[in-house]
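A.B. asks: Sequence and predicted model, in that order:
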Amino acid sequence: MAGSMRMVSVGRHRLAATVLGEGAPAVVIEPSFGGCAEDWTEIAETLSAETTVVLYDRVPYGASSAARDARTPAAIAADLDGLLRELAVTGPLVLVGHSAGGIYVRAYAAAHLDRVAGLVLVESSHEGQRPVLDPLRSRRNKLDAALTIPAIIRESRQSRRGGDRWSVIREFRTFNKVTAGQPPLPPGGLGDRPLVVLTCSPGNPAVPVPVWQGWHGLHQDLAALSANSRHVVSPSDDHYLNFGDPGLVTASIRDVVRCARSGESLASLPDLASVVAPSAGVPSPDALSPDFRGAAILGPGVPSAAVPSPVVVSGPAVPDPAVPGPVVPSAGASDAD
């Protein structure tokens, strides 16, 4: 099950990638802004007992090269498409996108919908989040956001997860534009492909309640991309659910793989059970993610105990009873990874 890392040339970039396991559909994991493949190793190794898993370092992180483009979602999706071709991963795909990675996998799905068997969006950013979340942020959050680029310049390469500062800044600037734009897929754009959207619980003291409610509303909007969707609120208030609630993330991916293989609907499956793991190993709030630096901290000050177990919304139109009055975004909303 253990795979070895390969360096793959795609256009002007070199990408570090690892393929584990075998079987279809292949699970492809797109990390967050400032994230890299190693953040997902444990989950990938678990899933590789059941199907193929592709882990890679998006340019410029990990062992991959510096960026030679503007790091738009379309360019990142093109890199991923070229990588999969070089790796001979040619069958159906279950795309897993964390935070900004959620935007990038949706860009891939919009361009290659025929290859997409399902999606799992983990604390995903949204293309229209800035008009929704920015007005809800505190003055301190807004100040921190304005200082993000100077902070990236000051950070060590290790803190930037191997990324050179100018590539990281380029991605951040493009991300800010994209998250005040329009989504690449319309409501219902995934048809009945299985889609699970995972949201952290309220409870992060750095995140005001209205911001978390707006975030939750944006995720309800994402759940409307498929007629076969499930929106789950984790008991963990950690944006990095791959560390804070790996059991829920793994179970969600397994469910989407199962539905993609069998044609079952997500609604026919048992509710997801969560095993919350310690958050040891979570990237430092100072190590890159604007979500946690203040540019887009996502989570309210409501205690985590308010959501004692995963709250499942079977369809995008069903309100989550744990969330009083979520702010539902207008077309084109987004968050900052």
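C.D. replies: That came in fine, so what should we check first?
A.B. asks: Could you report the separation of D245 from T72?
C.D. replies: 30 Å (Cβ to Cβ, to the nearest Å). Just so you know, the C-beta spots here come from the backbone N, C-alpha and C atoms, and that holds for glycine as well.
A.B. asks: who has more neighbours, these two?
C.D. replies: The residue with more neighbours, out of D245 and T72, is D245; 28 against 17, by other Cβ atoms under 10 Å.
A.B. asks: Is the more buried one in contact with V233, as I believe?
C.D. replies: No - with contact defined as Cβ atoms under 8 Å, D245 does not reach V233; the gap is 10.4 Å.
A.B. asks: Show me the helices in the stretch 201-337 of the chain, by range?
C.D. replies: 209-223, 241-244, 246-262, 290-293 (DSSP state H, counting those that start in this stretch).
A.B. asks: Can you dump the C-alpha atoms of stretch 70-77 in CSV for me?
C.D. replies: Once non-C-alpha atoms are left out, stretch 70-77 reads as follows in CSV (Å, rounded to 0.1, in the frame of the first residue of the first chain):
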residue,chain,number,x,y,z
ALA,A,70,-0.7,33.3,-11.9
ARG,A,71,-2.1,30.3,-9.9
THR,A,72,-5.6,30.7,-11.1
PRO,A,73,-8.0,27.8,-10.4
ALA,A,74,-8.0,27.0,-14.2
ALA,A,75,-4.2,26.8,-14.2
ILE,A,76,-4.1,24.7,-11.1
ALA,A,77,-6.8,22.4,-12.6
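A.B. asks: can you list the residues that contact it?
C.D. replies: Stretch 70-77 is contacted from outside by 58-59, 69, 103-104, 106-108, 110-112, 167, 170-171, 174-175, 178, 184, using Cβ atoms under 8 Å, 6 or more residues apart in numbering.
A.B. asks: Now the buried members of these.
C.D. replies: Neighbour counting with 16 or more other Cβ atoms under 10 Å marks 58-59, 69, 103-104, 106-108, 110-111, 167, 170-171, 174-175, 178, 184 as buried within those.
A.B. asks: on that earlier part again, just to be sure, which of the contacts of stretch 70-77 are found in strands?
C.D. replies: Among the contacts of stretch 70-77, DSSP state E puts none in strands.
A.B. asks: Which ones among the residues you listed map onto helices?
C.D. replies: Residues from the contacts of stretch 70-77 lying in helices, with DSSP state H as the criterion: 103-104, 106-108, 110-111, 167, 170-171, 174-175, 178.
A.B. asks: Could I get those in JSON lines, plus columns for distance to V96 and pLDDT?
C.D. replies: Conversion of the ones in helices among the contacts of stretch 70-77 to JSON lines gives the following (distance: Cβ to Cβ, whole Å; pLDDT from 0 to 100):
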{"residue": "I103", "distance to V96": "13", "pLDDT": "98"}
{"residue": "Y104", "distance to V96": "11", "pLDDT": "98"}
{"residue": "R106", "distance to V96": "12", "pLDDT": "98"}
{"residue": "A107", "distance to V96": "14", "pLDDT": "98"}
{"residue": "Y108", "distance to V96": "11", "pLDDT": "98"}
{"residue": "A110", "distance to V96": "17", "pLDDT": "98"}
{"residue": "A111", "distance to V96": "17", "pLDDT": "98"}
{"residue": "S167", "distance to V96": "23", "pLDDT": "96"}
{"residue": "R170", "distance to V96": "24", "pLDDT": "96"}
{"residue": "E171", "distance to V96": "19", "pLDDT": "97"}
{"residue": "T174", "distance to V96": "21", "pLDDT": "97"}
{"residue": "F175", "distance to V96": "19", "pLDDT": "97"}
{"residue": "V178", "distance to V96": "19", "pLDDT": "97"}
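A.B. asks: for those, which one is nearest L95?
C.D. replies: Relative to L95, the closest of the ones in helices among the contacts of stretch 70-77 is Y108; by Cβ to Cβ it sits at 6.4 Å.
A.B. asks: This completes my enquiry, with thanks.
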